[in-house]
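> Can you look at this prediction? I've put the sequence above it.
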Amino acid sequence: MRRVLVTGGGSGIGRGIARAFAEAGEAVTIVGRREEALSETDGGRGMQAVVCDITDEGAVEALFEAPYDVVVANAGTGRAAFLTEVSLEEWNETLAVNLTGTFLTFRAALRQMPEGGRLIAVASTQALRGGARVSAYSASKHGVLGLVRSVALEVARKGITCNAICPGFVDTPMADAAVQSVMASRGIDRAAAEKLIVASNPIGRMIAVEEVASAALYLASKGAAMVNGHAMSVSGGEI
C-alpha cells in the first residue's frame, strides 16, 4: 500500500483522483481549505483529511512529516475575464494557488520521496496553448508545465517521475462557473453556453472527472516508469 497525497481534494478533479486511489487500495491523504468538503470526499473511504492552504509555505512543509509515494498537486483556481478586467490581486492569487502552490508541494515532497515516487500536476490544455479571457489562468498553467518539465530532469536518475495531466473542460464546479459566465456575458441559455464551451473538443462533450482520475492512476503506475516530463492531454483530441 502506497501513501498518496492529493491537494485540492475537496471537490472536482481532486475529489475524483482521491477516490480513485482510495478505491485502488492506496492510503490517501486529501488536502483542502474546507473540512466539510474533505469529509464529503472521503465519504467513509478511510482517507486522512488535512485542512491546509497550499500557498502557506509552513503549512505545506508540515504536510510532509512522513514521505509520500505519490503526490498529486491538483489545487487550482481561475476565473474567466478579459485581461483589462483582471486586478493585480486576482493575478497574484491565481499564480499563488496554481503555480506557487505546486512548487511548494513538489519541493516539500521531494525532500523525502522514495525511489519509484510519482509527482503529478493537474495542469490544463491552457498549459499547451493560450485562450481568450483566461490570461491569468493560462499563464499559471504554462508555469506549472515548465516546472514539471524541469523537475522531471532533476529527478529522473532517482527513479522518480514528474508529469502533468492537461484536461480540457471537465464536468466540475469550476466548469460550471465558466458556463455561468458565458451565459451572463452572451445572454444565452445553459445549453447554448455549454455547446460553446465544448466546441473545441472534437468529441463534443465535457470530460468526466473519472477520465482524468484514470490518467492519474496510470501515471502513478509501474507501467508508467518511463513516462517523465510529459504533458498528458485529456481533451478528446482538442490538443
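It's in. Just so it is clear, the model here is predicted, and its values are computed rather than measured. Residues are numbered from 1 along each chain as shown.

> Quick check: phi and psi on the most far-flung residue of the chain relative to its centre?
Most distant residue from the mean C-alpha position of the chain: G187, 30.5 Å away (C-alpha atoms, centre = their mean). Here is the backbone geometry of G187 (degrees, to the nearest 10): phi 60, psi 40.

> what about K158, how many residues close to it?
K158 has 13 neighbours, counted by other C-beta atoms under 10 Å. Any C-beta I mention is one placed from the backbone N, CA and C, and that applies to glycine too.

> Can you name the residues that contact it?
E115 (C-beta atoms under 8 Å, 6 or more residues apart in numbering).

> Next one: it from M226, what distance?
14 Å (C-beta to C-beta, to the nearest Å).

> now swap in G236 and tell me
Distance from G236 to M226, by C-beta to C-beta: 25 Å.

> For the nearest residue to A24 once chain neighbours are set aside, which three-state class applies?
Residue nearest to A24 in three dimensions, not counting chain neighbours: L217, with 6.5 Å by C-beta to C-beta, 6 or more residues apart in numbering. Following DSSP: H, G, I helix; E, B strand; the rest coil, we place L217 in the helix state.

> can you tell me how far L217 sits from M47?
Counting by C-beta to C-beta - L217 and M47 are separated by 16 Å.

> ditto for E65
17 Å.

> Same question for S11.
14 Å.

> Looking at the two, which is more packed in?
Neighbour count, other C-beta under 10 Å: between S11 and M47, M47 has more, with 23 against 18.

> Looking only at residue counts, what's the top helix in the protein?
The longest helix of the chain (DSSP state H) is helix 135-155.

> can you list contacts of it?
By C-beta under 8 Å, 6+ apart, helix 135-155 touches 73, 78-79, 81, 83, 86, 90-91, 94-95, 97-99, 102-103, 106, 110, 117, 119, 121, 123-124, 126-131, 161-164, 166, 228-231.

> Which strands and helices lie in contact with the next helix or strand after it?
Note on helix 135-155: by DSSP states H and E, the next helix or strand toward the C-terminus is strand 161-167. On a contact count with 3 or more C-beta pairs under 8 Å, 6 or more residues apart in numbering; DSSP states H and E, strand 161-167 meets strand 118-122, helix 135-155, helix 209-219, strand 231-234.

> mind exporting strand 161-167 as CSV, just the C-alpha atoms?
Provided in CSV are the C-alpha atoms of strand 161-167 (Å, rounded to 0.1, in the frame of the first residue of the first chain):
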residue,chain,number,x,y,z
THR,A,161,8.9,10.8,-12.4
CYS,A,162,7.2,14.1,-12.7
ASN,A,163,4.3,14.6,-15.2
ALA,A,164,1.3,16.8,-15.9
ILE,A,165,-2.2,16.0,-16.8
CYS,A,166,-3.7,18.6,-19.1
PRO,A,167,-7.5,18.2,-19.2
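
> for stretch 55-66, what is the average pLDDT?
For stretch 55-66, mean pLDDT rounds to 98.

> got the buried residues for it?
By neighbour count on 16 or more other C-beta atoms under 10 Å, the buried set for stretch 55-66 is T55, V60, L63, F64.

> And the longest helix of the chain, how far out from the chain middle?
12 Å (C-alpha atoms, centre = their mean, to the nearest Å).

> Name the residue in G236 and M226 with the higher neighbour count.
The neighbour comparison of G236 against M226 (other C-beta under 10 Å) goes to G236, with 20 against 8.

> Secondary structure class of the closest residue to that one other than its chain neighbours, three-state.
Take G236 and drop its neighbours on the chain: the residue closest to it by C-beta to C-beta, 6+ apart is I203, 3.6 Å away. Following three-state DSSP, we place I203 in the coil state.
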